[in-house]
Structures are given as structure tokens and as C-alpha cells.
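In: Based on what follows, work out the 3D shape:
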Amino acid sequence: MPEAPPDEPPALHVENVDVTYGRAVSALRSVSLTVPHGAVVALLGANGAGKTTLLRAVSGTLRLHRGAITAGRIRYGGTALDGRDPVAAVRAGVVQVPEGRRVFAGLSVDENLRSGGLGLGRRGRAQVQEARDRVLALFPRLAERTGQAAGLLSGGEQQMLAIGRALMAAPRLLLLDEPSLGLAPRMVHRIAEVIREINGQGTAVLLVEQNAGMALSLADHAHVLEVGETRLSGPAGELARTDAVRRLYLGEAAEDQGAA
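Out: Predicted coordinates:
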């Protein structure tokens, strides 16, 4: 993980955030976390734990789902993100890849990629081309299909395209929501390699992932959410060795403390 200067604020700082949907449904309660520059931080938890809600709060898309931040602060690199819209978050360097990929099925691979750079103000043609070249180098399979309709790609290829589209905005913090969902094991392995490579190039990652083994193998730090609250937090390697995480998220039996 690249080290930032000691006086530089973290890439992301979430402090005591509460989120509600409508007037009654409490989705997050006093959730706090930090994503340092160049780090991968994983969010684990069952469906409904609040993981996607937290990503939406950071990316500014929460209001699109009739949710609202009712308490706490979200800052990215010293800039307030709570209450900002998605375009402002993207311009600040924070980009979310939503669950379910959500590519534009009727557009070509190339058109999907170029849509990822829209709304970022004045970027020269050379900058856009540089970003596109980076994405296609990362995903050679997409380079072979630039003119193909996105809706005709396999699920794994669509996930690559969704990540590639986000990278067109040159994010400094990438929010990934269930990138391995519904993919074959070989493609899950490839997506993990891609996340590692993206991070190795200096992009911080906040990763929501049901595949806890994959997430913990990639992450520097991890948090476990349960019913909107943080239950466990710590270095990923340490959490992977706890009985609770092994039993609930890694499918392993806890050690029998009474065994000889």
C-alpha cells in the first residue's frame, strides 16, 4: 500500500453516520470507517446489513433511492461529501460501480466506456484516449469487443465493462459493490486480480463483497456490518482468523476450544 504524507487526510473518512430510508427505516447507525490512500478496505455482512447503503452515502447516490444521511460526516481528502450529488463525488475522484453491473445494454462496449468520462468538465481528447487505453490494457477481452453491444457480453465481461467505465473517470477512490456476484469461479479469480492491479496503480478501493474469502485476501482492513451497525473491525488478516468470521463468512468451523 503506498504511504501518504503523515499530514495528508485519509482518502475517505466516515464518522458516526446514520442513514434512514423514508421516515422510519434505519439502515445505518453510527457507522465510522477510514480508507487510507492506496488501501483496500472490505465491508462484510449479510444481505440487509447496510453495506450498499454506505456506498450510496459516500457516492452521493443515496437520494436516488429515497434515503438520507441524518447524522454524521463523510469527507474525502478533506472535502465534505455528505449531501453532495453523484456528479460532485465523481469530480472529487470518488466513483461507484453498482451491484448488478448496469451497463447500457444497447450501446457498444466503446460507447459504454466513453460514457464514463462524461460530466467531468473539460478533458482533452488525449486524456480520454489515455484512460480508454488503460482500461483496454487492463481488460484485453473488452479490447476484442469494442464494437459489440454490451448486452451481448457474458456476465463476467459486463462486470469488466462496468469497472472499466468507472475507471474512465480516473477515480482516486473506487467503490465496488459485489463485483463477483453471479460469476463463475474462474471469472471471480480474474476480477480479484483486476482489483489488485487497480489498487497497485494507486487507486484506493472500498469493497463490498459476499465472497468474504476473496475480499479478505485483497483487503488491508475490513469491517463487518450487522443490521446497520459495525460489529467487527480490524486488519483483514486478523479478522480472517477470528472464529466469528471463519464461521459466518468463510464457511469454516470454529476451533473447538475444549479439544485436547
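
In: Was I right to think Thr146 contacts Val109?
Out: Yes. Between Thr146 and Val109 there is a contact under CB atoms under 8 Å: 5.0 Å. (Each C-beta comes from the backbone N, C-alpha and C, glycine too.)

In: Those two: who's more crowded?
Out: When Thr146 and Val109 are compared on other CB atoms under 10 Å, the one with more neighbours turns out to be Val109, at 30 against 14.

In: ok, which stretches of the stretch 51-200 of the chain are strands?
Out: For the stretch 51-200 of the chain, the strands defined by DSSP state E, counting those that start in this stretch cover 67-76, 79-80, 94-97, 173-177.

In: Show me the beta-bridge partners of Ser233.
Out: His223 (DSSP bridges).

In: Roughly how far does it sit from Leu81?
Out: Going from Ser233 to Leu81 by CB to CB, to the nearest Å gives 21 Å.

In: More neighbours: which of these two?
Out: Neighbour comparison, Ser233 and Leu81: the larger count goes to Leu81, with 23 against 14 (by other CB under 10 Å).

In: Give the full set of residues in contact with the more buried one.
Out: Counting by CB atoms under 8 Å, 6 or more residues apart in numbering, Leu81 touches 58, 60, 74-75, 88-89, 92, 94.

In: Check the offset of stretch 142-162 from the chain's centre.
Out: Centroid separation for stretch 142-162 versus its chain: 20 Å, with CA atoms, centre = their mean, to the nearest Å.

In: Ok, stretch 126-143 next?
Out: Centroid separation between stretch 126-143 and its chain, computed with CA atoms, centre = their mean, is 20 Å.

In: what comes up buried for it?
Out: 128, 131-132, 134-136, 138-139, 142 (16 or more other CB atoms under 10 Å).

In: ok now do Leu167, which residues does it touch?
Out: 95, 116, 131, 134-135, 138, 174, 198.

In: how close does it sit to Val205?
Out: Relative to Val205, and taking CB to CB, Leu167 is found at 12 Å.

In: Name the residues contacting each of those two.
Out: 174, 198.

In: pretty sure Thr70 contacts Tyr21?
Out: No. Judged on CB under 8 Å, Thr70 makes no contact with Tyr21 at a distance of 10.7 Å.

In: what's the following helix or strand after the lengthiest helix in the chain?
Out: With secondary structure taken from DSSP state H, the chain has its longest helix at helix 185-200. Remark: after helix 185-200, the chain's next helix or strand is strand 204-208, criterion DSSP states H and E.

In: I'd like the next helix or strand past that next one.
Out: helix 212-218.

In: quick one: buried residues of that following helix?
Out: 212, 214-216, 218.

In: can you check stretch 198-209 too?
Out: For stretch 198-209, by 16+ other CB under 10 Å, it's 198-199, 203-209.

In: what does stretch 183-197 give?
Out: If you call a residue buried by 16+ other CB under 10 Å, then stretch 183-197 has these buried ones: 183, 187-188, 190-192, 194-195.

In: Run the chain-centre distance for it.
Out: The answer for stretch 183-197 is 14 Å, by CA atoms, centre = their mean.

In: what's in contact with it?
Out: 40, 138-139, 155-156, 159-160, 163, 176, 179-180, 205, 207, 211, 214, 217-218.

In: again, but for stretch 57-71
Out: In contact with stretch 57-71 (CB under 8 Å, 6+ apart) are residues 12, 14, 16-22, 27-28, 30, 53, 56, 74, 76, 81-89, 94-96, 98, 175, 206.

In: and the strand or helix carrying Glu238, average pLDDT?
Out: Taking DSSP H and E as the definition, Glu238 sits inside helix 236-240. Mean pLDDT, computed over helix 236-240, is 95.
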